[in-house]
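In: following is a predicted model, sequence given first.
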Amino acid sequence: MNKLPYFITGGAVILAALFAILNRFWTGFVYFVLSSLLVLALFWGVWLIYKYFTDFKKELKERFVLYKANKINSTNATSDVVDANESAYLKQFNRLVLKDKIIKWFIILFCFSVAVMFVIGMILY
């Protein structure tokens, strides 16, 4: 499952290149180029959403455990105090990782906007 994006990306790029070469013989192959790149952009958007809700959420949980351990080590608070105020520490941690979350969602939005641009390119060509 880890190599799936590489296979799909490679296949879509090879198909797009093949159709771009065949475009010399018939201009209708432009639609095949644009549609293969559209499928590629949609795949990456969906793949990144999947990875966000699976791997990134797990990574955030692990980072929160490290954040709590760092707070325990940097202050004189005990683990009982940190566990009692976990919601406050979670709120502080969410502020720290908000930038990472926003960047992830902008990358996903970029993939879908590229897909929309390929659709517009197919309509206007």
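Out: Received it, and whenever you're ready, just let me know what you need. Residues are numbered from 1 along each chain as shown.
In: helix or strand for the most centrally placed residue in the chain, which one?
Out: Centroid-nearest residue in the chain, with C-alpha atoms, centre = their mean: L48, separated by 3.1 Å. Using DSSP states H and E, the element containing L48 is helix 29-51.
In: what's the following helix or strand after that helix?
Out: Downstream of helix 29-51, the first helix or strand assigned by DSSP H and E is helix 57-74.
In: mean confidence (pLDDT) on that following helix, please.
Out: Throughout helix 57-74, pLDDT has a mean value of 88.
In: ok, then the element right after it?
Out: Following helix 57-74 in sequence, per DSSP H and E, is helix 79-84.
In: show me what the worst-scoring helix or strand of the chain on mean pLDDT is packed against.
Out: Least confident helix or strand of the chain, by mean pLDDT, DSSP states H and E, is helix 79-84 with a mean of 77. On a contact count with 3 or more C-beta pairs under 8 Å, 6 or more residues apart in numbering; DSSP states H and E, helix 79-84 meets helix 57-74. All C-beta atoms are positioned from the backbone trio N, CA, C, and that covers glycine.
In: how far away from the center of its chain is the helix it packs on?
Out: Relative to its parent chain, helix 57-74 has a centroid offset of 22 Å by C-alpha atoms, centre = their mean, to the nearest Å.
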